[in-house]
Structure formats: structure tokens, C-alpha cells
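Participant: Predicted structure and sequence below. I'll ask about it afterward.
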Amino acid sequence: MYKAIFRFLYTALLTGSLSVMNVPAHAANDALLELLKILRDKGGITQQEFELLRDTALAETGNPASPIAAETPAQTPADPVPQVVAAAKPSPEINTKGKLEFKTDEHKFRIGGRAQHDVTLVGNDGDGHVGSSEHQFRRARIYLSGTAWEHWDWKFQFDLEDADDSGMSIEDVFIRYKGLGPASITAGQRRAPFSLSALTSSKYITFIERAAPTDLFDSESIGIGGRVPGITLEHASKNHTLAGGFYLMRQRSESETDSIVERKIDDGWGVTARATWLPVNVSGKQLIHAGAAFGYKHYPNKTVNRFRVRPGVSEGDRIVDSDGSITADNFLGMNLEAASIWGPFAASAEYSYGDFDGTGAAGATDMEGFYVQGSYFLTGENRRYKNGAFTSVKVKDPVGGGWGAWEVGLRYSSTDLGAGIGADSGDVLTAALNWYVNDNMMFKLNYVRTFCDSGGSDTCDWGIGDGDPEYLSFRTQVFF
């Protein structure tokens, strides 16, 4: 009894003495534990007393690395409570900077859309005939897109403005697998790879509408471009892109109200391919782009729609028109493109050629067209480029803290259907003034002047003579 009391008092005195020594806490603790071990081995204290004093010392200084602490196996921690594990999982990242996006490590979900409203004033046609003015929603689109398990992209885009035409209300519906390194494969409806201007989103084009030759070769009639269902293989790197695929082309009858939802092999099938290269690329602000594309379409039923196109005004009079549907076996088209970004200055040009294998009265004929355009940011911004196409503009000083971005542009285009299908040709001059309020809102003003040589009866002249209509178009645009 007295021996045990002595041992306890001795140990307590020893512990208290070491605790007031001017030594680091861990060093004093280790020394104490060594002394406790000696007392235990010499019989000064029991094993139970040793463990009690050791645990007390470790609790005071928290030194699990002590050699004495190593003598006792560590307790296996209890499994975490499921509610704690759930709470510890990272929450999805939410991005609202110009878009609405939810993102986790493996998945991404995005909601976006655009609205474009146009007001157009029609001027004198050169023969004293003045057209009417009008306004319309050119596009009102909403889309859902995302990424699943890192390698699967998907998109669904619907156009509310065209909702009354069930065949045109669905714009993009596809699934893309991108787990092949720099290559990917896409199945579904999307734009076929043909033309720089056609593959640049309408949100990012400099002018209100694309040039007439682009719209002609991208139309449903020819079908070597445009939105079509099929399979596309793509490969992209920093300075080049390759894309190609097989597509089911659609045909619209001369009745504008006919549905074009159904896709049939009899309507036509084709292949399209495109390659681009950047021989110069300095941080995306100084670059030179070169590209080429070809497309082939076969018409099993030998029926070809009417070939016609507007002059870069969505409701303007058509500058070329084949004056009705014609018959043909196939169509082979090609496109050459060049572009450059040099600080605030940007330029692009494209030449399109088509060999049309018509039958009957049309016979074989060639059609062609080209455009040349340039633009300049007065406020110092620059156009941007990604994967073979122009993309969004980043405004340096948005309205609210600055004056936004101001851009001027000029474009000249020419389109010729060829003698076999209408003998129509027409040129268009377009001037643009754009005001970018911020990255997602802008206003565009275009002056459009047409120069026509009509071989048909209802092209570019309101039915009388060869007039040259002019237009003043204003667009309000917002997208996210």
C-alpha cells in the first residue's frame, strides 16, 4: 500500500518537474515517456499505471510519433457516418458568366439560347418601285447541351421562330464520343463540314446574314452543306482540323408548307469533307487560315429543288433563281477558303464551285460564287478563332464601365447559277456597323445594295426590269 503511494507520488513529482523545464514540449514529453518506461521495467510502476500516465502525456502534447506511443497499436478509426460522407462530396460548380452551366468532375450540363430580331427598310429598286419595310424574329433558339462521363457530348437545339414548320424546328440533335484522343465521332443532325462562313455560328458572323454564295451551297436544294443527319469523323489540333462524313440529304417540294421531317434515301445522300490549316498562329491574335472542302450529292429520284438565294437580307428579293425544280443525277461541289486575324483587323474570302449533272433541258452546267470581306474594331478588340471557324468576341470595356466595342465591315459577293439552270447572276455589296454592348448583347446595322442580271422572271426586280434593290437592316441580338 505505502509502496504504491510512493510510486504514484514519485511519478507525479517527476511529471510536474519535466512540465516546467525550459525545453520544447515534444522533447520533454519524450523524456518523460522514457523515464516512465524505466520505472515500469524496474517495477517502480505497474503496466496499468504506465499506460495511464503515457496516455495523459500524449494527450497533453499530441506526439503520436513517440517511440513509446509506437508500443501500443493504433486504434482503427470508425467508418465515417454516411451523412458526413455525403456532405463532404463537392457541390456542382455553377457558372453564370454569360451562360448557365452546372459542372462536376465527370458531368456538365448547360442551357443556352439566342434571339435575333430584324427590322428592314427596302429602298428604291432603280425602276421607281419602292418595296415595303418589315420586321421579324430571324432566330429564337434554345438549347440544352452537356458532357457525360467526360467523353460523351450531347446537344439538343430547338428554334421557336420556326416552330410552325415542324421540319425546321429542330436544329441540332447529336451525340459525340471524344474518347479517341484528338479525334471524335458524331452521330445525329448537325452542320456538315463545308465552308468557313457556314460553320461560324450566326451569333458570331460579322454581317447580319451570310453571303449569298454561302447560303446557296449550304441550302437544302444542293444539300452538300447545312444541317443534315449523318455520321461525322473529326480530328482537331492547335493548327489544323480534318472532318468528313456521310449524310442523308433532305428535299423540300415547291410548296413551302410541306413538312420536311422525314429523311429518305430517295431524297438524296451525300458525303462532305473539309480540312483547315493555320500556317501562322501567334496566340490567336495574329493568324492566317487556309481551308478546302468538297461535297458530293446523289439524287436517286433525279428530282432537284429550285435553286435560289437571297442577297444577305433574310426577306430580300432573290438575286438568282432557277425558276422551278429541275432534274439531275448528282452534284459535285468544292470550296476554297482563306482568312486572317491581325489584331483588330480581320478578313476572309471563299470561292465555291459546283458541277451540276443535270438531265433533260437543264443539261450539265456549272455554278459558282465568291465573297471577300474585311472588318476592323475601332475599340481595339479582335475576332477570335477556334477549330476552323470564327467564335465569340470579348469586349474590353462593356457598357456600364465603358462604351462597348465598335466594329465596321465591308463585303462584296457574286453568285452565278450558270446558263443551264436560269442564267441568273447577281452581285451584292454590304456595309456594316456593329455595336457590342457586352459579350452577349449587340446591335448590327447593314446597308445592302444588289446588282442583278436576271435571266428569269421574278428575280431581284419585283417582276419589272432588272432593278437593283437596296436595303437597310437593323438587328438586335442577345445570346447566352
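Facilitator: Thanks, I have the structure now.
Participant: Strands along the stretch 351-480 of the chain, start to end?
Facilitator: Secondary structure of the stretch 351-480 of the chain (DSSP state E, counting those that start in this stretch): strands located at 364-377, 384-386, 389-391, 405-416, 425-436, 441-453, 470-479.
Participant: Against which helices or strands is the second one packed?
Facilitator: Right, the one you point to is strand 384-386. Packing partners of strand 384-386 (3 or more CB pairs under 8 Å, 6 or more residues apart in numbering; DSSP states H and E): strand 326-342, strand 389-391. All C-beta atoms are positioned from the backbone trio N, CA, C, and that covers glycine.
Participant: Now that strand: buried residues?
Facilitator: By neighbour count on 16 or more other CB atoms under 10 Å, the buried set for strand 384-386 is residue 385.
Participant: And the third one, by the same measure?
Facilitator: Neighbour counts using 16+ other CB under 10 Å place 389, 390 of strand 389-391 among the buried residues.
Participant: What is it packed up against?
Facilitator: Checking 3+ CB pairs under 8 Å, 6+ apart, strand 389-391 ends up next to helix 196-199, strand 384-386.
Participant: what's the closest of those to residue 33?
Facilitator: Shortest distance between residue 33 and the helices and strands packed on strand 389-391, using CB to CB, is found for strand 384-386: 64.6 Å.
Participant: And the contacts of that closest one?
Facilitator: The contact list for strand 384-386 (CB atoms under 8 Å, 6 or more residues apart in numbering) reads 284, 287, 289, 339, 341, 390, 391, 392, 393, 394.
Participant: my guess is the fifth one contacts residue 383, does it?
Facilitator: To tie it back to what came earlier, the one meant is residue 341. Yes. The pair residue 341 / residue 383 is scored as a contact, 5.4 Å apart, by CB atoms under 8 Å.
Participant: so where's the stretch 351-480 of the chain shaky on pLDDT?
Facilitator: Residues of the stretch 351-480 of the chain meeting the criterion pLDDT under 70: 358-364, 420, 422-423, 453-467.
Participant: what do you get for the stretch 51-200 of the chain?
Facilitator: Ranges of the stretch 51-200 of the chain meeting pLDDT under 70: 56-90, 124-132, 162-168.
Participant: still on that earlier bit, turn the strands of the stretch 351-480 of the chain into JSON lines, columns for distance to residue 299.
Facilitator: Formatted as JSON lines, the strands of the stretch 351-480 of the chain follow (distance: least, CB to CB, whole Å):
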{"stretch": "strand 364-377", "distance to residue 299": "14"}
{"stretch": "strand 384-386", "distance to residue 299": "35"}
{"stretch": "strand 389-391", "distance to residue 299": "29"}
{"stretch": "strand 405-416", "distance to residue 299": "22"}
{"stretch": "strand 425-436", "distance to residue 299": "24"}
{"stretch": "strand 441-453", "distance to residue 299": "28"}
{"stretch": "strand 470-479", "distance to residue 299": "34"}
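Participant: Out of those, which is closest to residue 144?
Facilitator: Here strand 470-479 is closest among the strands of the stretch 351-480 of the chain (CB to CB), at 14.8 Å.
Participant: from the chain's centre, how far out does the closest one sit?
Facilitator: 23 Å (CA atoms, centre = their mean, to the nearest Å).
Participant: Going forward, count from 670.
Facilitator: Understood, numbering begins at 670; the last thing we discussed is strand 1139-1148.
Participant: What strands line up against it, and which way round?
Facilitator: Strand 1139-1148 sits in its sheet next to strand 777-791 (antiparallel), strand 1110-1122 (antiparallel), going by DSSP bridges.
Participant: could you dump the helices and strands packed on strand 1058-1060 to CSV with distance to residue 996?
Facilitator: Formatted as CSV, the helices and strands packed on strand 1058-1060 follow (distance: least, CB to CB, whole Å):
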stretch, distance to residue 996
helix 865-868, 26
strand 1053-1055, 41
